[in-house]
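S.K.: I'll drop the sequence and a predicted model, then ask my questions.
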Amino acid sequence: MRRHHLTTAGSLKEYGKAIISEQRFRSSESCFTHMKLVRSSLSQRSRVLFVQTDLAIEGTTRVLVPRLDLSASYPPSSAPVFYNPQMELSRDINVACMKVLAEERSAAHRLTYLDALAGSGIRGLRVSNEVNLSVTLNDNNLEAYRLIKENVKRLHPNVEATHLDANVLLSRTTFGVVDIDPFGSPAPFIDAACRSVREMLCVTATDTAPLSGAHFNAGVRRYSAVPANTEYHAETGVRILIGKIAREIVKYDKAIVPMLSHATGHYYRTYVLVGTGAAAADKCINELGYIGHCTKCGHRYIIPGLAPSGISDCAVCEAQHDLAGPLWLGSLHDRQFCANVVAKITAGVFRTSKQAQRIIERCIDELDTVTFFDYHELLKELQQPPMPIEQLLAALRRSGYQASRTHFSGTSVKTDADVTTLKKVLRDLSANAMLQSHDMPPDR
Ligand SMILES: C[S@@+](CC[C@H](N)C(=O)[O-])C[C@H]1O[C@@H](n2cnc3c(N)ncnc32)[C@H](O)[C@@H]1O
Ligand SMILES: [Zn+2]
């Protein structure tokens, strides 16, 4: 008996549970959408391609996705076509961002959107259905392309499908929005994406280890930048990614302004608006620079410019310090854009809306300062017990400093106070807490 499987799943566990029968999704075709004989040009051997599909619903969009082997060590790669239900949060935020962008453009100007590395096509199919952009889905994997065509034929006839190397397509054609959502590093696609894009570039990086300094040499090779394996490595990673995009795009007399950038789970994602002209590109270069970090005392400072100058020993403890960069020193978010995205998320149909809202609201609230301090680490160094983050934020503000939480880490603060001041505030707070506990009447 033919059955289609329905998933509204954000998690693999739920994905495994959600199944509906043929009556709920009428189709005359077998769910073995690609049981076809093709000749492999490489091996010159015949092989049969099977892509067994399920029907997924994300947002308000129905999509045929490859059926995953839930017992595999990494289910998203268990099928011949890649599909990761756990990236629903990323796709929800993407849809909301595209809604805001589309609204900011005139109705007459229907944006084109390319998912250059589309897999099953789910990301772009949602953008077509839920935002009504003019979508092209591309994948160089034949089975992925066939699944995309199947989705277009059966569910989304307005979408275009192409079967090209992403860099070939991006070099030939321009698109309003270019989405680069690859396996691992986006680095091989950034140059061609910068050439192609006219309005907004959306980039995912899952190579967080190279970007954040855990795989140092790979990070240097891919991004031509020195990463930093510090407590704020996720922020440095996002800034190196944006810095790379900026350095690639300016040669085309284009510029970027980051609208929303977040580090969530195993990936980084940034949405950058694209401008044109040599003056805008020059301004963009001015947002690049370096972070100086003293590994002895934790003092850090920024050095603007592509050619680092004025490097001395640590201003606090006079030890030599490390440099990370070149990377993006400017804002990571545009608060108005982010607020509009939150409004779309709360008004729309998104299964991950609570989580998406929490991430973006924290992005809105976080200070624009470069780097953050993990105050739990500082308390350990000072041999003091933990304290609530709100207490530290309030104390910093009382002392005349700016202070905020950050979406990058639950135990960290962003502040314009330097490390010496921060340690003093923490010491004072700990001493006060100790005094208060001594003043308390003994337990009876
Ligand atoms: C992570 S998956 C895409 C996931 C998809 N964007 C989503 O949201 O579900 C990456 C895809 O890139 C495709 N790919 C890898 N290298 C490519 C290239 N050079 N040109 C085009 N597609 C490529 C792979 O076949 C794979 O389907
Ligand atoms: Zn120092």
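M.R.: Ah, there it is. Ligands and ions are numbered 1, 2, ... in the order given.
S.K.: Are we agreed that residue 64 is in a helix?
M.R.: No - assessed with DSSP: H, G, I helix; E, B strand; the rest coil, residue 64 is strand; it does not lie in a helix.
S.K.: For it, grab the count of nearby residues.
M.R.: Neighbourhood size, residue 64 [other CB atoms under 10 Å]: 29. Bear in mind the C-beta positions are built from the backbone N, C-alpha and C, glycine included.
S.K.: so what's it closest to, chain neighbours aside?
M.R.: Nearest residue to residue 64, sequence neighbours excluded (CB to CB, 6 or more residues apart in numbering): residue 53, at 4.4 Å.
S.K.: With residue 230 instead?
M.R.: Closest to residue 230 by CB to CB, 6+ apart is residue 293, at 5.8 Å.
S.K.: Ligand 2 contacts on this protein?
M.R.: Residues of the chain lying near ligand 2 by CB under 5 Å from the ion: 294, 296-297, 299, 314, 316-317, 319.
S.K.: Recalculate using a threshold of 8 Å.
M.R.: Within the chain, the positions near ligand 2 by CB under 8 Å from the ion are 294-299, 314-319, 321, 419.
S.K.: Narrow those residues to those that are buried.
M.R.: By neighbour count, with 16 or more other CB atoms under 10 Å, the residues of the chain next to ligand 2 hold 294, 297-299, 314, 316, 321, 419 as buried.
S.K.: okay, those in JSON lines with secondary structure and pLDDT next?
M.R.: Below are these laid out as JSON lines (DSSP: H, G, I helix; E, B strand; the rest coil; pLDDT from 0 to 100):
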{"residue": "294", "secondary structure": "coil", "pLDDT": "93"}
{"residue": "297", "secondary structure": "coil", "pLDDT": "93"}
{"residue": "298", "secondary structure": "coil", "pLDDT": "93"}
{"residue": "299", "secondary structure": "coil", "pLDDT": "95"}
{"residue": "314", "secondary structure": "coil", "pLDDT": "90"}
{"residue": "316", "secondary structure": "coil", "pLDDT": "90"}
{"residue": "321", "secondary structure": "coil", "pLDDT": "84"}
{"residue": "419", "secondary structure": "helix", "pLDDT": "96"}
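S.K.: now, the most widely separated pair of these?
M.R.: 321 and 419 (11.7 Å; CB to CB).
S.K.: Quick check: neighbours shared by these two?
M.R.: Common neighbours of residue 321 and residue 419, using CB atoms under 8 Å, 6 or more residues apart in numbering, are residue 299.
S.K.: how close does the closest residue to residue 100 other than its chain neighbours get to residue 409?
M.R.: Excluding the flanking residues, the one nearest residue 100 by CB to CB, 6+ apart is residue 340, at 4.3 Å. Per CB to CB, to the nearest Å, residue 340 is found 26 Å from residue 409.
S.K.: can you check residue 79 too?
M.R.: To residue 409, residue 79 is 34 Å away according to CB to CB.
S.K.: Comparing the two, which shows the higher neighbour count?
M.R.: residue 79 (24 against 19).
S.K.: sorry, back to before: OK, contacts around the residue nearest to residue 230?
M.R.: So residue 293 contacts 228, 230, 299-300, 321-324, 371 (CB under 8 Å, 6+ apart).
S.K.: Which parts of the stretch 1-150 of the chain are strands?
M.R.: With DSSP state E, counting those that start in this stretch as the criterion, the stretch 1-150 of the chain has strands at 6-7, 36-39, 46-49, 53-58, 61-66, 112-115, 134-138.
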